[in-house]
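Novice: Here is a sequence together with a model predicted from it:
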Amino acid sequence: MKSIFPPKSFPDTYDSLEKIFNNTYNGIAILTLDGDWIKVNDSMCNLLGYTRNELFNMNIENIVFREDLGVHEKKYDKLMQGKIDRYRVRQRYFHKDGSIIWVLISVSLIHNADGTPSQMIWQFSDITSRKLNQDKLKLMLSVVREQNERLNAFASIITHNLRSHSGNLSTIKGFLEEEFSWLSENENFKLLAHAIDNLEETVSHLTEVAKIKQADENEIEVLNLYDYVEKAIYTVAAVAQNTNTSIINNIDEDVEVKGIPAYLDSIILNFLTNAIKYGSETRKPEIMLSTHKENDYVVLKIADNGKGIDMEKYGKNLFQMYKTFHSNKDAIGIGLFITKNHIESLGGKVEVQSQVDVGTEFSIYFKSA
């Protein structure tokens, strides 16, 4: 078998190679094609906790975690057949002290002069800390998912019960009004009726919020953004006409995004109706829609020349529930909250730039199809 190391007639070169071999941070081992140790460096001994003599007197499989014994098999066969030049696997080993360490192993071959494989070089990188952190993250994500499922179930029960109770109260209120017509003039009854109406409205909002969840891959469809914008413009056409608002659709007709039809409808409609609702009283309202590609996203821009928002004052609360920023009596502060959650549930995000009495531009990031 041909040695891979220079003959003794070149002592300086040999000594240099030995120093490089032994001082390399990662563990390096030279093995026979059957897995017996031929040569190991100091880092390899430090990694596993064994001396060279101890390693030389054992087969490498003796210290491999049992479930990981076969991880090399398929890739090793391809390596020996010449289909690949090298491969990498993750494998667990028993340290001499009994602890388990995770290592990333890079495997390549040493060939004879005639091209046939003679030995293997294995390079070992200790990834125990990284793997433990990954496992902790997986556990945390599992706990978060479980808690989210419980919260979703809790929210569904609560909203269902509240809906039932508020519905009962509203029905009783109606019966009382029919049976005792004089109640409609009673101030206390008016307060009660108003409170019941507010409760029903709040329950309706909470029900909408409770429905929001991370979109399942099976629900995601490829949707033509231009068509959905056109449909939304048609829906708000009467309101736009009454306010003399121009809506310009500059989106290419072939732009497609990944989404859920009901969510995409709601997102576009909410931004359009807000832009119309908060149009300027001193200039002709105009809304411009356009798109551009940014990495894996299609960015939908909805820009208006309306009242604008004081971002220093309201920027942090812009998408929070029940937050309003203008004196519009119809403003509730629920639309942007739900819209932002719809966007994020589709794997996107929303950004905003605004200036008071100049206008607002929302940038909605959808996953590109």
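Specialist: Looks like it arrived, so ask away.
Novice: hey, where'd the helices end up in the stretch 201-350 of the chain?
Specialist: Here the stretch 201-350 of the chain has its helices, by DSSP state H, counting those that start in this stretch, at 225-235, 237-242, 261-277, 311-314, 335-345.
Novice: Ok, which of the ones you listed comes nearest Val356?
Specialist: helix 311-314 (8.8 Å; Cβ to Cβ). All C-beta atoms are positioned from the backbone trio N, CA, C, and that covers glycine.
Novice: Of the helices of the stretch 201-350 of the chain, give the one that comes closest to Met44.
Specialist: When the helices of the stretch 201-350 of the chain are compared by Cβ to Cβ, helix 335-345 sits nearest Met44, at 47.5 Å.
Novice: Give me the angle between the closest one and helix 261-277.
Specialist: Interaxial angle, helix 335-345 versus helix 261-277 (axes from the mean of the first three to the mean of the last three Cα atoms, to 10 degrees): 140 degrees.
Novice: Which parts of the stretch 101-250 of the chain are strands?
Specialist: Listed in chain order, the strands of the stretch 101-250 of the chain (DSSP state E, counting those that start in this stretch) span 117-126, 221-224, 246-249.
Novice: And those: which comes nearest Phe366?
Specialist: Phe366 sits nearest to strand 221-224 of all the strands of the stretch 101-250 of the chain, at 8.7 Å, using Cβ to Cβ.
Novice: Test for you: state the pLDDT assigned to Asp12.
Specialist: For Asp12, the model assigns a pLDDT of 59.
Novice: Against Leu137, how distant is the closest residue to Gly49 other than its chain neighbours?
Specialist: For Gly49, ignoring the flanking residues on the chain, the nearest one in space by Cβ to Cβ, 6 or more residues apart in numbering is Lys96 at 3.3 Å. Computed as Cβ to Cβ, to the nearest Å, the Lys96 to Leu137 distance reads 29 Å.
Novice: Repeat that for Thr32.
Specialist: Per Cβ to Cβ, Thr32 is found 39 Å from Leu137.
Novice: for Glu351, same thing?
Specialist: According to Cβ to Cβ, Glu351 and Leu137 sit 27 Å apart.
Novice: same check, this time on Lys39
Specialist: On the measure of Cβ to Cβ, Lys39 and Leu137 end up 37 Å apart.
Novice: More neighbours: which of those two?
Specialist: A count of neighbours by other Cβ atoms under 10 Å puts Lys39 above the other of Lys39 and Leu137, at 16 against 10.
Novice: if I pick the more buried one, what's in contact with it?
Specialist: With contact taken as Cβ atoms under 8 Å, 6 or more residues apart in numbering, Lys39 is in contact with Phe21, Ala29, Ile30.
Novice: Dump the helices of the stretch 201-350 of the chain to a markdown table, plus mean neighbour count, distance to Tyr76 and mean pLDDT.
Specialist: Output for the helices of the stretch 201-350 of the chain, formatted as a markdown table (neighbours: other Cβ atoms under 10 Å; distance: least, Cβ to Cβ, whole Å; pLDDT from 0 to 100):
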| stretch | mean neighbour count | distance to Tyr76 | mean pLDDT |
| --- | --- | --- | --- |
| helix 225-235 | 18 | 49 | 93 |
| helix 237-242 | 12 | 67 | 90 |
| helix 261-277 | 20 | 48 | 89 |
| helix 311-314 | 12 | 60 | 84 |
| helix 335-345 | 20 | 44 | 85 |
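Novice: Nearest to Arg150 among those helices would be which one?
Specialist: helix 335-345 (18.3 Å).
Novice: which strands and helices sit next to the closest one?
Specialist: helix 187-211, helix 261-277, strand 349-355, strand 359-367 (3 or more Cβ pairs under 8 Å, 6 or more residues apart in numbering; DSSP states H and E).
Novice: Render the CA-only coordinates of it in PDB, please.
Specialist: Taking Å, rounded to 0.1, in the frame of the first residue of the first chain, the C-alpha atoms of helix 335-345 are listed here in PDB:
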ATOM      1  CA  GLY A 335     -59.200  46.800  10.300                       C
ATOM      2  CA  LEU A 336     -55.400  47.400  10.200                       C
ATOM      3  CA  PHE A 337     -54.900  45.000  13.000                       C
ATOM      4  CA  ILE A 338     -56.700  42.200  11.200                       C
ATOM      5  CA  THR A 339     -55.100  43.100   7.900                       C
ATOM      6  CA  LYS A 340     -51.600  42.900   9.300                       C
ATOM      7  CA  ASN A 341     -52.300  39.500  10.800                       C
ATOM      8  CA  HIS A 342     -53.700  38.200   7.500                       C
ATOM      9  CA  ILE A 343     -50.500  39.400   5.700                       C
ATOM     10  CA  GLU A 344     -48.200  37.800   8.300                       C
ATOM     11  CA  SER A 345     -50.200  34.500   8.300                       C
END
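Novice: just the angle between it and strand 349-355, please?
Specialist: Here helix 335-345 runs at an angle of 140 degrees relative to strand 349-355 (the same axes, to 10 degrees).
Novice: that older thread, just the contacts of Lys39 now: which is nearest Leu183?
Specialist: Ala29 (90.7 Å).
Novice: Touching, that closest one and Trp122? I think so.
Specialist: Yes: Ala29 is within contact range of Trp122, at 4.8 Å (criterion: Cβ atoms under 8 Å).
Novice: Give the next helix or strand downstream of the worst-scoring helix or strand of the chain on mean pLDDT.
Specialist: One helix or strand of the chain scores below all others by mean pLDDT, DSSP states H and E: helix 11-23, with a mean of 66. Per DSSP states H and E, helix 11-23 leads on to strand 27-32 as the next helix or strand towards the C-terminus.
Novice: partners of that following strand, with directions?
Specialist: strand 37-40 (antiparallel), strand 117-126 (antiparallel) (DSSP bridges).
Novice: Turn those into TSV, including mean pLDDT and distance to Val298.
Specialist: Shown next, in TSV, are the strands paired with strand 27-32 (pLDDT from 0 to 100; distance: least, Cβ to Cβ, whole Å):
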stretch	mean pLDDT	distance to Val298
strand 37-40	88	54
strand 117-126	92	39
